[in-house]
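[1] pasted the sequence and its predicted model underneath.
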Amino acid sequence: MNVPVIAMATAAGITLHAALTHGSVGLGRRPRDAVRIAFAIEALSVAAGSLALVAMYSATTPETHVAVTKWVFFPAEVVWVASTVWMVAFYADVRPLRWLVALSAGFGAVLLVNAMLPFGLMHGELDGIRSAALGGAHLTVTSAPSPHPLDVVTEALVVGAFVFMFIAVWRVYRRGEQKKAILVGLAVVLFTLATAVDKLADYGVVSSLYLTQLSFVVVVLAVGTGLRRDSLRAEARLKTDRAFLRSLVDERVSELGEANERLELEARERLATEGSLRRRVAELDGLQRISRTLAERGDMAAALDAAALEIAALLEARYARIDLPDGEAACAGRSEEDCEPATIGQAESDAEVGWSDLARAIDLREPAVFDGPEWAGLSTATRAHVVPEGIDHLLAVPLAARGSLFGVLSVGRDTGAAFSPGEMRLAATVAASLAAAVENERLHEKQTRQAAEDERQRLARDLHDAVTQTIYSAALIAEALPVVWERAPSEALVNLGRLRRLVRAALAEMRTLLFELRPAALLDAPLETSLSHLVDSLAGKIQAPIDLRADAVVLSPEVKIVLYRVTQEAFSNIAKHARATEVGVLVDADDQGRVTLQVRDDGRGFDPREIGSAGMGLHIMRERVDGIGGALAIDSAPDRGTTITVVCPRPAERLSTREEDRELSTAH
């Protein structure tokens, strides 16, 4: 029985099984297990080497022996060493990438050289074979070992590989992983000793079987045990991690469930908010329409009628009524029949609300709600109106403004939801707008009446102070004229002249009053035309010539009004205080567009420094001129007359000759 051949064949079977087992496990894992894949390649190369040894030990010719050595055994040894280096690097987690790549490249170059040499690196020449007796068995070996000289490169690479493996073992030990360091260290020591014996046998120093393949069986068992232990640990960690992940997933699922509930709640709240916003927008739009209706309609009754339709649409009601009594005080304590409301605005319906029910809202000063079928608080008369009409809900809101109550807004709704608090607030807001509109209309009417009364009083004063006095003086002269004519015709002629001046003055004053009653005419007429009316009026009050010289200039309305009023005030002062014998008015525009108004007289004059609070007219003049950005100068002294000058810096354009003619023709 050839024991060495059987041992090598057994080693090949064990290592091949290890290669298939660990290779399939390493390739099947995700991520792939690099340690098991490297170990599988290592075991596969050892299996190939073991089978090559079986062939070598049984070879019958030198050519067969050398061929097996060159093409199978030597490549298997090189791959075995390289894969061992990578397996140790991955298992010990010591991976100097550049060194590993360089070492692998060196082994690749050795394989290339081995293939190129005629007899490979293990045989420098073809020698004979002989039979050797080892362990009671006869094996075929070479006559004389003769490695190629380049084989020393292989030996150097092998030494470098084992040096790296010892360094890796040392680093694992220093890292605190003693068990892993001992396991890898024992395997490396065993590989080192077996490889050393095999190399000595290659060079003929010792006669021995190749021990690397046999020793690898021990490594397979040891590494398999280590990997099995690592697998168990990994499975235990996997179970722990899986349980942790399961609890984490359960926790996350619970959190997601809570988050979903919160999201659903937020979604419902958002939908409710959006619905509320849409309702608010619709309400604001309705309020805007109601406000626009109240503002645009000139007739308040028509405006309230249109507003009632808008209110009914806004509150989705059958009808809306706006009731204003003829007088709240007159209705106090009186029966419903004697105090019916005056319906100002109403959407179509026959379901009228009795005044006693509306009065309840006024008494409470807040909205009153009546709901069917009980209709608590609703009078029998009103119920007889609303029930046949299919009305189920009534709302009455008082109309109040400035502390005064003067009406009620009543709204009726068909069968359906009762008036909500929000709708009641909306109705109260609408009622406030209606009350404000009605109150403003009343105030406007009152102010209009007051303004008309004030204007009548002003006209009465002006007529009494000016026209009436003048006409009265003319009437006295006219009554006395026949007597004076019979007695002294020359004096009568003088009185006739006075009578003519008084009549002209009265006519001019009346024309001025009528002119001022039409502001549009005052603004449209040229300044010189307006000033001529003032001149005619002053001429009837004083016995002095008045000289008016005015250039035709284009002025803005505010400047024209100021110059007119300043002249009017100056003429009033001249008529009352000056006792002038000559008056002059000048309106001039220079090349820079400035307009100058000058009013002068040769009367009594005054000291401007002593005028004090008595000169209210002068203060008003100055305020008017300051309002248009002009300058006012008053030059006066006792017994030296008075000159008032206004300079307006605003651009004024001198009219062309054609425009002057047109303005003058209009004035005449």
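    Great, that's in hand.
[2] OK, contacts around residue 146?
    Going by CB atoms under 8 Å, 6 or more residues apart in numbering, residue 146 touches 123, 124, 125, 127. C-betas here are computed from N, CA, C, even on glycine.
[3] does it count as helix, strand or coil?
    coil (DSSP: H, G, I helix; E, B strand; the rest coil).
[4] picking that back up, please identify which pair of the contacts of residue 146 lies farthest apart.
    Across the contacts of residue 146, the longest distance by CB to CB is 9.1 Å; it joins 124 and 127.
[5] what about the stretch 201-350 of the chain, any weak spots by pLDDT?
    By pLDDT under 70, the weakly predicted segments of the stretch 201-350 of the chain are 204, 206-214, 221-228, 230, 283, 296-298, 325-350.
[6] helices along the stretch 351-500 of the chain, start to end?
    Using DSSP state H, counting those that start in this stretch, the helices of the stretch 351-500 of the chain run over 355-364, 380-386, 421-462, 469-487, 489-517.
[7] can you say which of these is packed in most?
    Most buried of the helices of the stretch 351-500 of the chain, by mean neighbour count (mean count of other CB atoms under 10 Å): helix 355-364, with a mean of 20.
[8] before we move on, the earlier item: what subset of the contacts of residue 146 is buried?
    123, 124, 127 (16 or more other CB atoms under 10 Å).
[9] which one of these is nearest to residue 265?
    residue 123 (86.3 Å).
[10] ok, back up a step: lowest-confidence entry in the contacts of residue 146?
    The member of these with the lowest pLDDT is residue 127, at 77.
[11] would you say that one is within a helix?
    No: under three-state DSSP, residue 127 sits outside any helix and is assigned coil.
[12] tell me the phi and psi of it?
    With angles defined as degrees, to the nearest 10, residue 127 sits at phi -110, psi 170.
[13] so it sits against residue 142, correct?
    Yes: using CB atoms under 8 Å, residue 127 is in contact with residue 142, at 5.3 Å.
[14] what is in contact with the two at once?
    Contacts common to residue 127 and residue 142, judged by CB under 8 Å, 6+ apart, are residue 62.
[15] quick one: contacts for residue 507?
    residue 536.
[16] cutoff 7 Å now
    Residues in contact with residue 507 (CB atoms under 7 Å, 6 or more residues apart in numbering): none are found.
[17] relative to residue 501, how far out is it?
    11 Å (CB to CB, to the nearest Å).
[18] distance from the centroid: which residue in this protein tops it?
    Computed with CA atoms, centre = their mean, the residue of the chain farthest from its C-alpha average is residue 487, at 99.2 Å.
[19] ranges for the strands of the chain?
    Taking DSSP state E, the strands of the chain run over residues 129-134, 137-142, 319-324, 342-346, 368-371, 391-401, 404-414, 546-550, 553-554, 583-589, 595-601, 631-636, 642-648, 653-654.
[20] so which elements touch the third one?
    Spelled out, it's strand 319-324. Applying 3 or more CB pairs under 7 Å, 6 or more residues apart in numbering; DSSP states H and E, one finds that strand 319-324 contacts helix 300-314, strand 342-346, strand 404-414.
[21] for those, give me TSV that also has distance to residue 116 and mean neighbour count.
    Output for the helices and strands packed on strand 319-324, formatted as TSV (distance: least, CB to CB, whole Å; neighbours: other CB atoms under 10 Å):
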stretch	distance to residue 116	mean neighbour count
helix 300-314	103	21
strand 342-346	116	18
strand 404-414	108	22
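[22] could you dump those to TSV with distance to residue 254?
    Converted to TSV, the helices and strands packed on strand 319-324 look like this (distance: least, CB to CB, whole Å):
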stretch	distance to residue 254
helix 300-314	48
strand 342-346	61
strand 404-414	48
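[23] just checking the distance from the lengthiest helix in the chain to the centre of its chain.
    Using DSSP state H to define each element, the chain has its longest helix at helix 212-296. Relative to its chain's centre, helix 212-296 lies at 29 Å (CA atoms, centre = their mean, to the nearest Å).
[24] now that helix against helix 300-314, angle please.
    Calculated by axes from the mean of the first three to the mean of the last three CA atoms, to 10 degrees, helix 212-296 forms an angle of 150 degrees with helix 300-314.
[25] report all helices and strands that helix 212-296 contacts.
    helix 3-28, helix 34-57, helix 178-202, helix 300-314, helix 421-462.
[26] now for those, which one comes closest to residue 272?
    Residue 272 sits nearest to helix 421-462 of all those, at 12.9 Å, using CB to CB.
[27] and the closest one, how far from the chain's centre?
    Distance, centroid of helix 421-462 to centroid of chain: 42 Å (CA atoms, centre = their mean).
[28] what helices or strands is it leaning on?
    helix 212-296, helix 300-314, strand 391-401, strand 404-414.
[29] do that again at 6 Å, thanks
    For helix 421-462, the elements it packs on are strand 391-401, judged by 3 or more CB pairs under 6 Å, 6 or more residues apart in numbering; DSSP states H and E.
[30] in its sheet, which strands sit next to the strand it packs on, and in what direction?
    strand 368-371 (antiparallel), strand 404-414 (antiparallel) (DSSP bridges).
[31] how big is the angle separating that strand from helix 421-462?
    40 degrees.
[32] show residues contacting stretch 276-289.
    Residues outside stretch 276-289 that contact it (CB atoms under 6 Å, 6 or more residues apart in numbering) are 310, 314, 426.
[33] picking that back up, the helices of the stretch 351-500 of the chain: lowest mean pLDDT?
    For the helices of the stretch 351-500 of the chain, the weakest mean pLDDT is recorded on helix 355-364, namely a mean of 61.
[34] picking that back up, switch the strands of the chain over to a markdown table; also include distance to residue 525.
    A markdown table is the format used below for those (distance: least, CB to CB, whole Å):
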| stretch | distance to residue 525 |
| --- | --- |
| strand 129-134 | 147 |
| strand 137-142 | 144 |
| strand 319-324 | 45 |
| strand 342-346 | 44 |
| strand 368-371 | 61 |
| strand 391-401 | 43 |
| strand 404-414 | 46 |
| strand 546-550 | 12 |
| strand 553-554 | 13 |
| strand 583-589 | 14 |
| strand 595-601 | 16 |
| strand 631-636 | 24 |
| strand 642-648 | 18 |
| strand 653-654 | 17 |
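[35] out of these, which is closest to residue 85?
    Closest among these, using CB to CB: strand 137-142, at 28.8 Å.
[36] who's in contact with residue 106?
    Residue 106 touches residue 157, counting by CB under 6 Å, 6+ apart.
[37] let me know the pLDDT of it.
    pLDDT at residue 106 comes out at 94.
[38] look up how far residue 157 lies from it.
    From residue 106 to residue 157 the distance is 5 Å (CB to CB).
[39] and residue 467, what's its pLDDT?
    pLDDT at residue 467 comes out at 64.
[40] do the same with residue 129
    79.
[41] what sits opposite it in the beta ladder?
    Under DSSP bridges, the beta-bridge partners of residue 129 are residue 142.
[42] which ones are touching it?
    Here residue 129 is in contact with 62, 65, 140, 142 (criterion: CB under 6 Å, 6+ apart).
[43] for the second one, give me its contacts.
    Residues touching residue 65, when contacts are defined by CB under 6 Å, 6+ apart, comprise 56, 59, 129.
[44] and for residue 90?
    34, 35, 38.
[45] equivalent analysis for residue 122, please.
    Neighbouring residues of residue 122 by CB under 6 Å, 6+ apart: 69, 74, 147.
[46] could you check how far it is from residue 154?
    With CB to CB as the criterion, residue 122 and residue 154 are 9 Å apart.
[47] circling back to that earlier point, may I see the contacts of residue 90 arranged in TSV, with neighbour count and pLDDT as well?
    Listed next are the contacts of residue 90 as TSV, based on neighbours: other CB atoms under 10 Å; pLDDT from 0 to 100:
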residue	neighbour count	pLDDT
34	16	87
35	21	83
38	23	86
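[48] turn these into TSV, columns for distance to residue 576.
    Converted to TSV, those look like this (distance: CB to CB, whole Å):
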residue	distance to residue 576
34	122
35	125
38	128
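[49] going by distance to residue 574, which of these wins?
    Closest to residue 574, out of all of these and judged by CB to CB, is residue 34, at 120.9 Å.
[50] next one: that closest one from residue 28, what distance?
    Counting by CB to CB, the gap from residue 34 to residue 28 is 13 Å.
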